[in-house]
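Asks: Everything below, folded, please.
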Amino acid sequence: MQYKSVVSEAFAEKTIEKSKFLTYVAHTEGGEAAQAFLARIRAIHPTATHVCYAYIADKLGNEQRFSDDGEPQGTAGMPILGVLKAHDLRETAVAVVRYFGGVKLGAGGLTRAYAGCAADGVEASEKRVYTTGVEVTLVVDYPEVNAAMKFLEGEKVLSRDFSSEAAFKVIVKETDAEDFAARAEDFLNGRVKLRFGDKYFYPF
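Replies: Sure, this is the predicted structure:
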């Protein structure tokens, strides 16, 4: 299984007919994380006219929520959610903060504004495919450190530990784990100990 999500927070700003729209996008693993993100945005903008949002908080795309936050029904939350669906994003939340500028946009104008602002925020975000990965720790004696570091060039190294032995913790795609282990054994002429650890989704 794999899914696409943003990997860090993003921000976009736009003024439409004197109203200021501020868009925030974040990676949120689960509904609680999404609600915490929204609470933080509301705390930053206590005087905003509206804080509209949508999120798809799970990996499968089933946990979906949205809110118009006082805008006419269907003109804010659903358009934002539509952008998330169009980009096939999971574990992603989008909040669009509006400061009303005195000019009414009408239902069509609001729908276009919120969809456009959400799209700007998603476009500004860094997106990756999350795939099941497994942690692998390579343990070598100090004479093999340089060779191990050369082998690990281009790999996703999570940590390095230099104590009685040198240990390098990396994460590789679960489907590549056996091949990775075989290549490590071959490259280091068998002078390596491999330990397989936790499995989880990772943005490769």
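Asks: Please work out which residues outside stretch 109-117 touch it.
Replies: With CB atoms under 8 Å, 6 or more residues apart in numbering as the test, stretch 109-117 has contacts from 12, 14, 16-17, 19, 21, 23, 52, 71-72, 74-76, 79-80, 82-83, 96, 105. C-beta coordinates here come from the backbone N, C-alpha and C atoms, glycine included.
Asks: buried ones in that stretch?
Replies: For stretch 109-117, a neighbour-count test (16 or more other CB atoms under 10 Å) marks Leu110, Thr111, Ala113, Tyr114, Ala115, Gly116, Cys117 as buried.
Asks: in the protein, which spans are helices?
Replies: Ranges of helices within the chain are 31-44, 77-86, 106-124, 145-151, 177-187, based on DSSP state H.
Asks: Quick one: residues contacting Val6.
Replies: Val25, Ala26, His27, Leu89, Thr92, Val122, Ser125, Glu126, Lys127.
Asks: which of those are buried?
Replies: Val25, Ala26, His27, Leu89, Thr92, Val122, Ser125, Lys127.
Asks: Show me what Thr23 bridges to in the sheet.
Replies: Taking DSSP bridges as the rule, Thr23 bridges to Ala12, Val96.
Asks: where's it relative to Ser125, distance?
Replies: 10 Å (CB to CB, to the nearest Å).
Asks: wait, what's in contact with Ser5?
Replies: His27, Leu89, Arg90, Glu91, Thr92, Lys127, Arg128, Tyr130, Pro203.
Asks: What's the separation between the residue of the chain most remote from its centre and Ile171?
Replies: The outermost residue of the chain, judged against the average C-alpha position, is Pro143 (38.9 Å), by CA atoms, centre = their mean. Pro143 sits 26 Å away from Ile171 when distances are taken as CB to CB.
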